[in-house]
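Engineer: need a structure here:
(one chain, ligands or ions: 1)
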Amino acid sequence: METLTIVHSRGWDGTYPPEEAARAVGALEDGSVIVLPDLAFPMSDEERRLLDPRILAKAKNVSYNPASGRLGGTSCTGAEAEVLRLLIARYSESARSLVNGLFPAYRASIRLQRTSLRPAEIAGRASSWRKDDTRLHVDAFPSNPVRGDRIIRVFCNVNPSNRPRVWRLGEPFERVAERFAPGIPRPLPGSAAVLHLLRITKRRRSEYDHIMVGLHDAMKADDAYQSSTGTEPIEFNPGTTWITFSDSVSHAALSGQHQFEQTFSLPVSGMADEGKSPLRILERMKGRVLV
Ligand SMILES: [Fe+2]
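Structural biologist: Numbers count the residues shown, from 1 in each chain. Coordinates of the predicted model:
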């Protein structure tokens, strides 16, 4: 399996020949990062002035909910907030049409989730190991259980000073699961109901979600693992767009500033081969249903 799979862009609204789309889906499900090195996100001068950490309230991202059209995490107000909202909404629409064009097989079941703009520098920002995304991890949402659904993310580096976003990638998901899953204790009986009742989670946390949050934490907490595993740094230059299943692909974001990100969810039944999903891999390992 290739760590990176290069796809030549046909634009945000482009359609891809069936064999190219099938190759992209296969590579994505195998745990590759799909890279479009020539897919820049166009912005006006007025919009580019918003590429500044001053637009942040106190979160690390400005977030946008495409379902409600609402913006969160920003200090901008009035007309400036509206320019920012329309900018992020346009990225969201662009990412949606890119995914529809490149992965037509997912069209029937993929769902658009949150969008974010990350205008702050990554390096030197983390407050705790758990929040430190410069450590290799797989994505898991502690408060927002996915109950087996996949997490697909579309990133675009829009850095105006020509600086790359630098990642490192880790081992295949099977290796991560073999190494860390046996050390994760089963959830306490009733704990999922309590977390939900206390509104710590938005819906009931499945055993799958419990294991995924456990993997995320166990990977980040293990200093020896962090220094012994992973690729050399990979640079995503400005004007590059990249797509990955961030719930199975171990990744660490080492440095960089100014990036858009669109999250999608996909039920495992929507995959070309759901046997490659973390849910099915963990269920095979554990010998039981996890959702
Ligand atoms: Fe992540």
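Engineer: which helix or which strand is home to the residue nearest to Asp149 when sequence neighbours are not counted?
Structural biologist: Distance criterion Cβ to Cβ, 6 or more residues apart in numbering; nearest residue to Asp149, sequence neighbours excluded, is Ser265 at 4.5 Å. (Glycine included, C-beta is placed from N, CA and C.) Using DSSP states H and E, Ser265 sits in strand 259-266.
Engineer: that strand packs against which elements?
Structural biologist: helix 78-102, strand 111-118, strand 150-157 (3 or more Cβ pairs under 8 Å, 6 or more residues apart in numbering; DSSP states H and E).
Engineer: what does that strand contact?
Structural biologist: 41, 61, 88, 91-92, 95-96, 99, 106, 109-118, 146, 149-159, 165 (Cβ atoms under 8 Å, 6 or more residues apart in numbering).
Engineer: neighbouring strands for it, and are they parallel or not?
Structural biologist: For strand 259-266, the paired strands and their directions (DSSP bridges) read strand 111-118 (antiparallel), strand 150-157 (antiparallel).
Engineer: residues of the first one that come out buried?
Structural biologist: Which is strand 111-118. For strand 111-118, the buried set under the neighbour-count rule, 16 or more other Cβ atoms under 10 Å, comprises 112-118.
Engineer: so Pro182 belongs to a strand, correct?
Structural biologist: No: using DSSP: H, G, I helix; E, B strand; the rest coil, the assignment for Pro182 is helix, not a strand.
Engineer: show me the contacts for it.
Structural biologist: So Pro182 contacts nothing (Cβ under 8 Å, 6+ apart).
Engineer: can you pull the pLDDT of it?
Structural biologist: Pro182 carries a pLDDT value of 97.
Engineer: and it, how close does it get to Arg288?
Structural biologist: The spacing between Pro182 and Arg288, counted by Cβ to Cβ, to the nearest Å, is 14 Å.
Engineer: how close does the residue lying closest to Lys276 once chain neighbours are set aside get to Glu274?
Structural biologist: What sits nearest to Lys276 in space, not counting adjacent residues and going by Cβ to Cβ, 6+ apart, is Glu29, at 4.8 Å. Glu29 sits 9 Å away from Glu274, going by Cβ to Cβ.
Engineer: same drill for those two, tell me which one is more crowded.
Structural biologist: Glu29 (20 against 16; other Cβ atoms under 10 Å).
Engineer: contacts for the helix-or-strand element of the chain with minimal mean pLDDT?
Structural biologist: Averaged element by element with mean pLDDT, DSSP states H and E, the chain has its least confident helix or strand at helix 191-197 (a mean of 88). Contacts to helix 191-197, defined as Cβ under 8 Å, 6+ apart, come from residues 201, 203-206, 210.
Engineer: and the furthest pair within the residues you listed?
Structural biologist: Across the contacts of helix 191-197, no pair lies farther apart than Arg203 and His210, at 13.3 Å, counting by Cβ to Cβ.
Engineer: so which of the two has more stuff around it?
Structural biologist: His210 (21 against 14).
Engineer: what about the strands in the stretch 1-150 of the chain?
Structural biologist: 4-6, 33-36, 62-65, 70-72, 111-118, 150-157 (DSSP state E, counting those that start in this stretch).
Engineer: format those strands as JSON lines; extra columns: distance to Ala252 and mean pLDDT.
Structural biologist: As requested, the strands of the stretch 1-150 of the chain are exported to JSON lines (distance: least, Cβ to Cβ, whole Å; pLDDT from 0 to 100):
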{"stretch": "strand 4-6", "distance to Ala252": "15", "mean pLDDT": "97"}
{"stretch": "strand 33-36", "distance to Ala252": "13", "mean pLDDT": "98"}
{"stretch": "strand 62-65", "distance to Ala252": "22", "mean pLDDT": "97"}
{"stretch": "strand 70-72", "distance to Ala252": "26", "mean pLDDT": "96"}
{"stretch": "strand 111-118", "distance to Ala252": "15", "mean pLDDT": "98"}
{"stretch": "strand 150-157", "distance to Ala252": "14", "mean pLDDT": "98"}
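Engineer: okay, those in TSV with distance to Arg125 next?
Structural biologist: Formatted as TSV, those follow (distance: least, Cβ to Cβ, whole Å):
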stretch	distance to Arg125
strand 4-6	25
strand 33-36	23
strand 62-65	15
strand 70-72	19
strand 111-118	10
strand 150-157	17
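Engineer: which strands or helices does the helix or strand where Arg284 lies pack on?
Structural biologist: Taking DSSP H and E as the definition, Arg284 sits inside helix 278-286. Counting contacts by 3+ Cβ pairs under 8 Å, 6+ apart, helix 278-286 is packed against helix 173-180, helix 207-221.
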